[in-house]
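1. predicted model, plus sequence, below.
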Amino acid sequence: MNSTSAWVPYTPDARSPWTARRVVHLHRRAGFAATWGEIQRDLRDGPGPSIARILAGKAYTEGVAQELEATAKMLGDSAASSGDAPRFKAAWIYRTLFGPDPLTERLVLMWHNHFATSNLKVDNIAAMRAQIEVFRTLAKAPFGELLRAVVHDQAMLVWLDAPANRKGRPNENLARELMELFTIGIGHYTEADVKEAARALTGWGLSKRGLFLLRPLHHDDGAKTILGKTGRWQGEDLVAMLLDSPFTADRLAMRLTEIFMGEGIVDAAALGELAGGLHRHNLDIGWAVETIVRSQAFFADKNIASRIVSPVEYVVAPIRALELFDPAPSTLVLAEWTARLGQDLGYPPNVGGWPGGKAWLDTRAMIGRSNYASALAAGGGISRSAPLDAIGLAARHGVKQDFASIVGFYAKLLFGMEAKRSWLDRLAVAIERDHADQAQSARHAVGMMLAMPEANIG
Amino acid sequence: MAKAQFGAVQQHLRTLARTQVQEESSDRELLNRFVAERDENAFIVLLKRHGPMVLHVCRRIHANEQDAEDILQATYLLLARKAASIRKQESLASWLYGVAYRLALGARGQAVRRQTRERRAADMGKTSSISQEAWQELQELLHQSLQQLPERYRAPILLCYLEGKTQEEAARQLGCPLGTVRSRLARGRDRLKVLLERQGVRLTATALAAALAESNASAAVPGALVSATARAAVKYATGTAAAALVSSRTAALLETGLKNITITNLKAATAILLAACALGIGGGAVLTQVSADQQQASAKSPALNESEDRARGNEEPSGLGQNRNPVPAVRDAAESASETKVAVRGRVVDADGKPIAAAKLFAPTVNEATMISPKQVVMEPVGVTSPDGRFDCTLRSSGANRQALLIAYAPGYGVDWLDTQKDKPSGEVTLRLAKDLPIAGRIVNTEGKPVPGVSVSIAAIYVPANENLNGYLEGWMRNVRDNLGSPIKRLYVPLDGASKGATTDQEGKFTLHGAGPERIVNVTIEGGGVARSTPYIITRVGFDPKPYNDLLLKKENDNLRVLNRFLGLYPPNLTFVAEPGKTIEGVVKDAATGKPLAGCRLYSMTGFGEGVVVLSDAAGKYKLEGVPKRAQGYTISASPPAQASFLGRNVTGQDTEGFSPVRLDIDLVRGVVVTGRVTDKQTGKGIVAGVRTAPLPDNKFFGAKPGFDNYRHDRTMGSTGADGRFRFMTIPGRALILVQAHAGDIFQGQYLSPYRRAVPDPDHLGLFKHDVDEDSWTVTTAGGFESLNIENAVKVIDIKEGSETTVELFVDRGVTAKISVQDGDGKPLTGAWVGGLTDSWPITYKLQEAITTVHGLNPAKPRTLAIYHPAKRLGGTVVVRGDEKEPVIARLGSLGKVTGRMRDTEGNPLSDAEISINPRGEPASELYRFADPTGKPVITDEQGRFALDGVVPGIAFYLQIQKGDSYFAGKPKIGLRQLKPGESLNLGDLTMEPLR
């Protein structure tokens, strides 16, 4: 990578120093926000160790559940064996909220959106959970490994009607989405390619236990012409062909920049460069993620506060930042909130996933977000047995007990910035009526800050 | 011709053709026209064609007319949007049906209905007849089952039954030959029957046809609705926001529809019935309510020292353990005066037969006048064993409180018990205590954190056959539902008093003692802010529940798992993830005056035959806590105190965000009183019976006030006293009054009804339709339907407003005859199983004697009994009329055999398919259900071959072929068969095609 590349590694300098703003940006963009202690730690340690921790899945040390793996598995098993969708979502939120590795969880959400499988049709929580576990295990693997696992995954095959795709009676769903959404993208194949690809995928089915199997009787073994190549292609050949295509790397680069970079931040050249790198690196997602998160572009001023945060990020991040770990909010209720805000885990709206970006912020969602902010501060609305102790948290981190200092603390904690003069005035006016109760005032102020544009754009 | 001119002519011709042809166009043509040209007229034709069916579905599921119309609009607007993408192989009727069904369900919320019908039903095994089911529920089940039907069978049923098309019309619309429509209709009906039976509903062919026909949606869609919807559709299809076009309600529904939410329809009544059967409510009744005069009518039992034995018909098991809807028992002062005592003596020993000293003996007792919760059961100590393990104790009964159960417990052991009612001990009894396997678990919340302060107690214990879990667990793997009923011995008493319940500590841990090893233990988890949950624990070390619970996830078990919140099996060292509980609170008021009503019983189902129950306080306030969150909402059953003149009702509350409380105020309305007497026609004496009314279709009061639709929930019911007198509250207007006799005999340990089934009211014959195949009468009622299979009397009455209505009702024993069971050599045979000894409750009895009585006969209608002798592997049938002088000889012969080889339509062997006998006629099918002579499941081998041994000669039967979730039928059909004694029928090579 040459020195003019957008992806050259970030090193602090006078123009872009290692500040709380960048630390908070790192955690909001590559995770779900950090606690005050984690921010201070990263400020001390500098970008190298801080980014390394993110990449190693050890970014979070505060609020991380003891025996996380065992508990997450127990909650996941219990959800799967109950077949109960809310429990499945809650167990997912649990990992996101209490796990040490936010980067992987961000990628799991990305793959859930990329492969956009909905339980609405799958109607099998155990299978949905298994698919999400595949995303988790292979989140940073070379994409080929992930794709091969996903196209044999029970939930995916049910979702795209693979078992109905038989010789002489093709069902094109899997073939179409494989090309259009999972790999090369629209414009890089023809309708004829879809038909031929569907033939290559005939005979793919599931055993009684939901395991992938090839039913030779239903497989069309004849010659097919796919993307200009003719042969007696099997499903695996099709997948290999698609993985080889440079357009797949383009699509993956787009996906990755969608979650790590702000809207319109990455130009075509940089995107092409990233795609080229992916292509050369065997579509190694881990390589690409590291390249992005270490890059100058990632830490550039224009990339900070340039991306609309998704409902899951919006719901989970403040719980972490505000250390609302004990008592914890109900993960069932948090999952309900993300759904209300437009991101119902396990139920993407269609094969295309969630539109994302500005689409997150329609009027209803905006009202929902501000309701969430006040529910979170009050506690009851997230089924937490105690309200937010805004003064206590600030005090624990050595903040003076005046209004300006407290607001200043939360501005830094939540947004990595100084409180604006205008906020102070606005907040002061809004909470005037609470003057009798300081704890209430501070809580109310934090609730309002959580509903500000700065909270929605990270 | 110039090009422009040609175009104009063509356009003209097209318009002409359209007006003529449109009415006859196929759905697909009309849809295409709408998609291509936004042709409003095409859409109107579709609306008129299928709209009535859609409206009908909506009304069925969602009684409110406005809602139904909103749903109709939403359904058609969705059609407008999605017209282009409806799959070709799907019929439009089906698509509309599916969408309307889901929308209606979603809009309604979940209407979980509580069942308070006679517990007797539960005694009788899993069979439920339609007359027990409220019609609405059946309809919903039917609609649900229709949803599961393969498209090819569903489409003709929808068209012919729900849309009232002729078969010819259906054939035209579906674009297939008439013969195909006919055969698919027939197969669809059969499949539907199977699906319904799987849900625990047995329908006769006529009942099903009637159910479907009643579904016939003849009412046209209002013209204004048609045009408004069509106009909106055109605009909506082109992208105008729905809110601008239709009511906000429709818009909201549309949003739901666009997300295409599938909601599993939940069938409370069926499920509770299932649960009740599965868990054997009544079978192990621990407390029963019997009034003083009933006691006086009782006979003395020589087996016990005191007058413990009662007229068997007086028993009305309350299924008290587990709070399976205990009925409020109001104790009468006069009743408490009479007290009875039963002395029981015996020994308590360990597994090796060694005496256990200082073991405690308890008799569960309820001391309060009104029973609303199993928590009211007190473990009254009645004795302690001496050093040689002996005890001698007395059980007392007075009024509503009757001690029937004797429980032995010693620390370190699992309890054993004896039901003095059921087991009828004579002489010295032995109670055997096995070394205990404590249940040591942990409760965590959905954040994995321990939950302290949760109460954990043993609510019920089931002992599997042979006191060993192997059979139970194997049975589970074969068929979860069938297996649930397999335990032979059940205890439904909270053990708290004997062996202490537990409360979780700071680490969420608890330990329960006394349940015993190799048992299925139902544990209640409640309090501490968690949702009341009742998991089942398998007390075996190292038990791995996963394979068992995986089976529960299959679709066919949805109503167990989702509706009943059946949580599956757990090991004795369980970690239980408890969800937070919701609170439902409100005030119960008199709808007329607004005055609060105290003492009303409020009930909300929480799980498998489980619920939370409270009484309203003096201010009418109630608070139900620990209810599991249900997005579909909460149904609360409100039952006024027995002496109040209010009608109970079910009310549904919407779910609230997160775990914030649900507020639900309930208005109750006064009913009118029906009194009378049920008399045995032969003896002239009053008998114990259940009596209920079913409003007729012309009853204008039905549904007119809150609670006036109770018939749908089957709440308008009363029970007679021992003198046959009854008095209960219902709605005014013309109604059927129906009687189910509870009086009867105990024959070979099972209830036997000597009464004949109900026959039509001679003054109103026109209301009754006869099902020739199944020999039962059916009546259409207001929003319902009755099939008189288990009723013993019926009459049409006009219930007055403002005063009491009195009715005299008679049940008829008909005549009896005897049969003599003999082997092929004419020697008398004991130990045979017989189906058909009774007219009502036609269950199977095992005979101790060779000669036995056949009840409820009518010489004009001979009955064919089916007999099977398991020890000798003999079987046969016999026809009995009732006017025979001598016992009718039933000569048994060797069982028959069916063999064959099955292939699928592609010529591959159909291996691993289960072949079973599906007999025609109730006596034979009951016989096979109870004592399947084919024994182990017959499975085809890898060549598709099978040999089914165990066909009772003389019975008519079909072969049922099932593989996985699919059923198969022969191509050509195998048809109805009948074997001679010892006959071996080789069906040869068969081609089978899946029905699903």
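-> Sure thing, it's come through.
2. can you report phi and psi for whichever residue of the stretch 51-200 of chain A sits closest to chain B?
-> Nearest residue of the stretch 51-200 of chain A to chain B: A:Thr71, at 3.8 Å (CB to the nearest CB). For every residue, glycine as well, the C-beta is placed using N, CA and C. The phi and psi torsions at A:Thr71 (degrees, to the nearest 10) take the values phi -70, psi -40.
3. surely it touches A:Ser78?
-> No: the criterion here is CB atoms under 8 Å, and A:Thr71 misses it with A:Ser78 at 10.4 Å.
4. need the pLDDT of the residue of the stretch 51-200 of chain A closest to chain B.
-> At A:Thr71, the pLDDT value in this model is 95.
5. for A:Met254, same thing?
-> Reported pLDDT for A:Met254: 96.
6. assign it to helix, strand or coil.
-> In the three-state summary, A:Met254 is assigned as helix, counting by DSSP: H, G, I helix; E, B strand; the rest coil.
7. got the contact list for the nearest residue to it once chain neighbours are set aside?
-> Of all residues beyond its chain neighbours, the one nearest A:Met254 is A:Leu271 (6.8 Å), with distances taken as CB to CB, 6 or more residues apart in numbering or on different chains. By CB atoms under 8 Å, 6 or more residues apart in numbering or on different chains, the contact list for A:Leu271 reads A:Asp250, A:Ala253, A:Met254, A:Thr257.
8. work out for me the element A:Leu271 sits within.
-> Assignment of secondary structure by DSSP states H and E places A:Leu271 within helix A:268-280.
9. buried residues in that helix?
-> By neighbour count, with 16 or more other CB atoms under 10 Å in any protein chain shown as the criterion, the buried positions of helix A:268-280 are A:Ala270, A:Leu271, A:Glu273, A:Leu274, A:Ala275, A:Gly277, A:Leu278, A:His279.
10. before we move on, back to that, for the residue of the stretch 51-200 of chain A closest to chain B, list the residues it contacts.
-> Taking CB under 8 Å, 6+ apart, we find A:Thr71 in contact with A:Ala65, A:Tyr94, A:Phe98, B:Val444, B:Gly448.
11. between the residues you listed, which has the most around it?
-> Across those, neighbour numbers were computed from other CB atoms under 10 Å in any protein chain shown; A:Tyr94 holds the maximum, 25 neighbours.
12. helix or strand right after the strand or helix carrying it?
-> Mapping A:Tyr94 onto the secondary structure by DSSP H and E places it in helix A:85-98. Counting by DSSP H and E, the next helix or strand C-terminal to helix A:85-98 is helix A:102-115.
13. who's in contact with that following helix?
-> By CB under 8 Å, 6+ apart, the list of residues contacting helix A:102-115 from outside reads A:27, A:30-32, A:54-55, A:57, A:59-60, A:95-96, A:99, A:131-132, A:135-136, A:139-140, A:146, A:150, A:156, A:181-182, A:255-256, A:258-259, A:285, A:289, A:293, A:310, A:312, A:345-346, A:348, A:353-354, A:356.
14. and the contacts of stretch B:979-996?
-> With CB under 8 Å, 6+ apart as the test, stretch B:979-996 has contacts from B:149-150, B:153, B:187, B:190-191, B:824, B:876, B:892-905, B:910, B:913, B:951, B:953-954, B:961, B:965-971, B:974, B:977.
15. contacts only, for the residue of the stretch 251-400 of chain A found nearest chain B.
-> Distance from chain B to each residue of the stretch 251-400 of chain A (CB to the nearest CB) is smallest for A:Val333, at 4.0 Å. With contact set as CB under 8 Å, 6+ apart, A:Val333 has these partners: A:Gly381, A:Ile382, A:Ser383, B:Glu657, B:Gly658, B:Phe659.
16. any idea how far the spatially closest residue to the first one that is not a sequence neighbour lies from B:Asn445?
-> Right, A:Gly381. Using CB to CB, 6+ apart and skipping residues adjacent in sequence, the residue nearest A:Gly381 is A:Ala375, 2.4 Å away. Computed with CB to CB, to the nearest Å, the distance linking A:Ala375 and B:Asn445 is 19 Å.
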